[in-house]
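In: Mind looking at a prediction? Sequence and model below.
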Amino acid sequence: MDATALWQRYQDWLYFHEGLGLYLDISRMRFADDFVERMKPKFEKAFKDVAALEAGAIANPDENRMVGHYWLRNPDLSPSPEIKAEIVDTLASIKEFVAKIHAGEIRPPQATKFTDLLSVGIGGSALGPQFVAEALGPEPAPLKIHFIDNTDPAGMDRVLNRLKDRLNSTLVLVTSKSGGTPETRNGMLEVKQFYEKHGLNFGQHAVAVTMPGSKMDGIAKSEGWLATFPMQDWVGGRTSELSSVGLLPAALQGIDIQAMLDGAKEMDEATRVPDLRNNPAALLALCWYYAGNGKGEKDMVMLPYKDSLLLFSRYLQQLVMESLGKETDLDGNKVYQGIAVYGNKGSTDQHAYVQQLREGVPNFFVTFIEVLGDRQGDSIEVEPGATSGDFLSGLLQGTRQALYENQRDSITVTVPQVTPRIVGALIALYERAVSLYASLVNINAYHQPGVEAGKKAAASVLELQRQIVATLKATGQPLSLAELADKIGASDQVETVYLIVRHLSANSRGITLAGDLGKPSSLTVSGR
Ligand SMILES: O=P(O)(O)OC[C@H]1O[C@](O)(CO)[C@@H](O)[C@@H]1O
């Protein structure tokens, strides 16, 4: 297609949301008109499916749950007055609590105000808050946020040591929908121990976000934590940024959460329109389907040309891959669906992997995120007539063009600024695109059975470890790996036994290995 034809295609397909000032350009996806025609019936069904979801249909049959993240920003859409009241009350209580924290009315026992916020959570209970903190966190913030999002002891030490001089003015926010996620429980216990070691009362610094009645809820109540905010069972972890999970930490950092909700609401209104050409989420889903042949054959590379949007791709990784990565479709057929998501930011990534994108294996499509406003205030000219922001813009255009010339497709989302309203809108845009795409490929986007397999296997490794330690203590003499496995009734799991004892011996846990470390079968294991 020559430049004139492309310009025409750009104009023909351009979507613009006037209220938000958001553009969606899909002209560089090389689908033909007949593809769009063929997709229309699928979209008619998808619009109906998502409307049913919004109306409170059981969208997650596995867990017998509704999927209600759309109600969070427009409680009037809630399927019952009770749910509406829950949403309204939770938002009011977040605002009230945050106002008291900021004013020092709720304060730590040994300081006049909270200065820092330590968030402990993982997956959907961390990724949204991390993305939003990076995108919108003000400098200075009323509370500066830090994260523990793993059960890595060294990672926890790093965060805690950074905070140790301000521990007495650090508020700890433990977020877990289920209230039983081991990584989060471990993080909470380690932080609690750190507080106690420093002579501080953990409960007087702690807040929970969890489902009422969960284990975490019980702990928070029994230990007299400062507050507990509910996370409803109809909010999935990966769509929870606009629930108490994301709103509480955002508000504590001084981010305008009402603007985030308003932006999401506005985008929801635009993406509810049952008309493919005038619905930006549907256009995204169309492009994803086209790119990957409805089977995820191409990866989604997210390239925001704005540092503050660095974590958008990481956030989307969970939203898209945990939702769409499914073995079976809704009829039980093996389909192995999903779309892989990766990316950091432009132009930085141009100096990393864009070489492969332009010339290597063509197994992806790019989504550029362009932010029109360069910065607050004026810019110097780094070359006659050009600012740093002009370079950023030129590099985006250049990469888009260079990729297209080499038959690499791209989408461009353009926003005026990175504001709370726009971030809310972007979250809502992708949430809806995922809902629609899931319907197009006939999968349940709202469960995650695959994650359970790894969790169960980890639990059985830890059980084996307990048996190993007890057996070595009781035996009191060195055993070969095979003998040890045999003694604990796990003769078919010698490799697992080996990996466990190697880890224990590396961590001064009372287990010693003797023999040639490069030849596991030569090793003997003893314990004290
Ligand atoms: O908020 P929770 O219950 O601790 O779960 C954390 C994350 O774990 C998952 O269930 C996957 O293991 C995610 O879906 C979820 O966001």
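Out: Received, thanks. Numbering: from 1, shown residues only.
In: Identify the residue nearest Ile339 in space, chain neighbours excluded?
Out: Nearest residue to Ile339 in three dimensions, chain neighbours excluded: Gly296, at 4.4 Å (CB to CB, 6 or more residues apart in numbering). Heads up, the C-betas are built off the backbone N, CA and C, glycines and all.
In: Likewise for Gly254?
Out: That would be Pro142: by CB to CB, 6+ apart, it lies 4.7 Å from Gly254.
In: With Ser125 instead?
Out: That would be Thr175: by CB to CB, 6+ apart, it lies 4.1 Å from Ser125.
In: give me the beta-bridge partners of that neighbour?
Out: Counting by DSSP bridges, Thr175 is bridged to Val209.
In: For it, give me its contacts.
Out: 119-121, 125-126, 129, 184, 208-210, 231, 245 (CB atoms under 8 Å, 6 or more residues apart in numbering).
In: Counting neighbours, what do you get for Val159?
Out: 20 (other CB atoms under 10 Å).
In: what residues are up against it?
Out: Neighbours of Val159 in contact, by CB under 8 Å, 6+ apart: 118, 146-148.
In: So which helix or strand of the protein has the lowest pLDDT on average?
Out: strand 58-60 (a mean of 80; mean pLDDT, DSSP states H and E).
In: Now intersect the contacts of Val159 with the helices, please.
Out: Per DSSP state H, helices hold no members of these.
In: how about these in TSV, adding pLDDT and distance to the ligand?
Out: Output for those, formatted as TSV (pLDDT from 0 to 100; distance: CB to the nearest ligand atom, whole Å):
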residue	pLDDT	distance to the ligand
Leu118	98	16
His146	98	18
Phe147	98	14
Ile148	98	13
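In: Save the residues you listed as TSV, and put in neighbour count too.
Out: Shown next, in TSV, are those (neighbours: other CB atoms under 10 Å):
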residue	neighbour count
Leu118	26
His146	19
Phe147	21
Ile148	26
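In: And those residues, which is closest to Val235?
Out: Closest to Val235 out of those is Phe147 (20.2 Å), distances taken as CB to CB.
In: ok, the residue lying closest to Val382 once chain neighbours are set aside to Arg38 distance?
Out: Nearest residue to Val382 in three dimensions, chain neighbours excluded: Ser388, at 5.5 Å (CB to CB, 6+ apart). The gap separating Ser388 from Arg38 is 45 Å, by CB to CB, to the nearest Å.
In: So for those two, which sits in the more crowded spot?
Out: Ser388 (14 against 10).
In: follow-up on the earlier one: tell me the helices and strands packed up against the least confident helix or strand of the chain.
Out: Judged by 3 or more CB pairs under 8 Å, 6 or more residues apart in numbering; DSSP states H and E, strand 58-60 is in contact with strand 65-66.
In: so does the strand it packs on get close to the ligand?
Out: No - with CB under 6 Å from any ligand atom as the measure, strand 65-66 is seen stopping short of the ligand, the closest distance being 12.6 Å.
In: residues from the stretch 151-300 of the chain in reach of the ligand?
Out: 176-178, 181, 184, 237-238.
In: Let's see that with 8 Å instead.
Out: 175-181, 183-184, 210, 231, 236-238, 240, 245 (CB under 8 Å from any ligand atom).
In: circling back to that earlier point, any buried residues in the least confident helix or strand of the chain, and which?
Out: The neighbour-count check on strand 58-60 (16 or more other CB atoms under 10 Å) flags 59-60 as buried.
In: One more: stretch 496-504?
Out: So for stretch 496-504, counting by 16+ other CB under 10 Å, buried means 496-498, 500-502, 504.
In: what about Asp349, how many residues close to it?
Out: 21.
In: no wait, Asn278
Out: 12.
In: Just the pLDDT at it, thanks.
Out: pLDDT for Asn278: 98.
In: Would you map out the domains in this structure?
Out: Structural domains assigned to the chain are 3-61+270-447, 69-255, 450-527, following the TED database.
In: For the stretch 301-450 of the chain, what lies in contact range of the ligand?
Out: 318, 322, 448.
In: And the residues you listed, which is closest to Gly510?
Out: Using CB to CB, those come closest to Gly510 at Gln448, 36.7 Å.
In: circling back to that earlier point, and the residues of the stretch 151-300 of the chain next to the ligand, which of them are buried?
Out: For those, buried by 16+ other CB under 10 Å: 175-177, 179, 181, 183-184, 210, 231, 236-238, 240, 245.
In: Compute the distance between the residue of the stretch 151-300 of the chain found nearest the ligand and Gln318, please.
Out: Proximity of the stretch 151-300 of the chain to the ligand (CB to the nearest ligand atom) peaks at Gly237, 2.4 Å away. Distance of Gly237 to Gln318, given as CB to CB: 8 Å.
In: how about the residue nearest to Ile106 when sequence neighbours are not counted, secondary structure?
Out: Once flanking residues are discounted, Ile106 sits nearest to Lys100: 4.4 Å by CB to CB, 6+ apart. Classification of Lys100 by DSSP: H, G, I helix; E, B strand; the rest coil places it in helix.
In: Mind pulling up the pLDDT for Tyr342?
Out: The model's pLDDT for Tyr342 equals 98.
In: In this structure it contacts Leu316, no?
Out: No - shown here, Tyr342 and Leu316 do not form a contact pair, counting by CB atoms under 8 Å, at 9.5 Å.
In: intersection of neighbour lists for these two?
Out: Contacts common to Tyr342 and Leu316, judged by CB under 8 Å, 6+ apart, are 300, 302.
In: Who has more neighbours out of these two?
Out: Neighbour count, other CB under 10 Å: between Tyr342 and Leu316, Leu316 has more, with 25 against 16.
In: count of neighbours near the residue nearest to Ile106?
Out: The criterion is other CB under 10 Å. On that basis, Lys100 has 14 neighbouring residues.
In: and it, how far is that from Phe114?
Out: To Phe114, Lys100 is 10 Å away according to CB to CB.
In: shared neighbours, the two?
Out: Ile106.
In: From Asn444, how far out is the residue nearest to Ile339?
Out: 16 Å.
In: Counting neighbours, what do you get for the nearest residue to Leu226 once chain neighbours are set aside?
Out: Using CB to CB, 6+ apart and skipping residues adjacent in sequence, the residue nearest Leu226 is Val207, 5.3 Å away. A total of 23 residues lie near Val207 under the criterion other CB under 10 Å.
In: which element follows the host helix or strand of Val207 toward the C-terminus?
Out: Under the criterion of DSSP states H and E, Val207 resides in strand 206-210. Downstream of strand 206-210, the next assigned helix or strand under DSSP H and E is helix 215-222.
In: which helices and strands sit right next to that next one?
Out: Against helix 215-222 (3+ CB pairs under 8 Å, 6+ apart) you get strand 170-176, helix 182-197, strand 206-210, strand 227-230.
In: Taking the stretch 351-500 of the chain, what residue is nearest to the ligand?
Out: Of all residues in the stretch 351-500 of the chain, the one sitting closest to the ligand is Val451 (3.9 Å; CB to the nearest ligand atom).
In: and the strand or helix carrying Leu472, what's its mean pLDDT?
Out: Per DSSP H and E: Leu472 is located in helix 449-475. What helix 449-475 shows for mean pLDDT is 93.
In: Can you check what angle separates that helix from helix 182-197?
Out: 60 degrees (axes from the mean of the first three to the mean of the last three CA atoms, to 10 degrees).
In: Does anything pack onto helix 449-475? Which helices or strands?
Out: helix 481-487, helix 494-505, strand 524-527.
In: Quick check: which of the ones you listed is nearest to Glu86?
Out: Short answer: helix 494-505, nearest of the helices and strands packed on helix 449-475 by CB to CB, at 44.0 Å.
In: same for the next helix or strand after that closest one, what does it pack against?
Out: Next in sequence after helix 494-505, counting helices and strands by DSSP H and E, comes strand 511-514. Helices and strands touching strand 511-514, by 3+ CB pairs under 8 Å, 6+ apart, are helix 494-505, strand 524-527.
In: residues in contact with the last one?
Out: Same thing as strand 524-527. 469, 472-473, 475, 477-481, 484, 501, 505, 510-515.
In: same check, this time on stretch 438-447
Out: Against stretch 438-447 from outside (CB under 8 Å, 6+ apart): 39, 42-43, 45-46, 49-50, 59-63, 65, 67, 236, 285, 289, 294-295, 323-324, 326, 328-331, 335, 337, 434-435, 437.
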